[in-house]
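Engineer: Structure, please.
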Amino acid sequence: MRNLILIAIIMLAARQVFTLPSNLGRGIQHCPHIRCAAVFIPPQCRRPTYLKYQGRTCRGCDKNVCQNGYPI
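Structural biologist: Numbering: from 1, shown residues only. Below you'll find the model as predicted:
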């Protein structure tokens, strides 16, 4: 019985510590969702691209830097 009470107290304390204010995420602009072509690019040919969106650096679609399977 004492263990159950101790667990309940710990859970309530953790809930208060890890609860964020409800207005914290308002006004934050996240990166836009980008639709990339569903094309297989070998790992050695794949290069990430990045774009700027409202001052943030966001990940773009991967770019194929190979020609006929060989790096250019």
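Engineer: Every contact and neighbour count from this point should use C-alpha atoms.
Structural biologist: OK.
Engineer: the strands in the protein, which residues?
Structural biologist: For the chain, the strands defined by DSSP state E occupy 46-47, 50-53, 56-59, 63-64, 66-67, 70-71.
Engineer: And stretch 60-68, end to end?
Structural biologist: The first and last residues of stretch 60-68 sit 23 Å apart, counting by Cα to Cα, to the nearest Å.
Engineer: that older thread, out of the strands of the chain, the one nearest His33 is which?
Structural biologist: strand 56-59 (9.5 Å; Cα to Cα).
Engineer: follow-up on the earlier one: Ile34 is nearest to which of the strands of the chain?
Structural biologist: Nearest of these to Ile34, taken as Cα to Cα: strand 56-59 at 8.8 Å.
Engineer: would CSV of the strands of the chain with mean pLDDT be doable?
Structural biologist: Listed next are the strands of the chain as CSV, based on pLDDT from 0 to 100:
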stretch, mean pLDDT
strand 46-47, 94
strand 50-53, 94
strand 56-59, 94
strand 63-64, 94
strand 66-67, 90
strand 70-71, 74
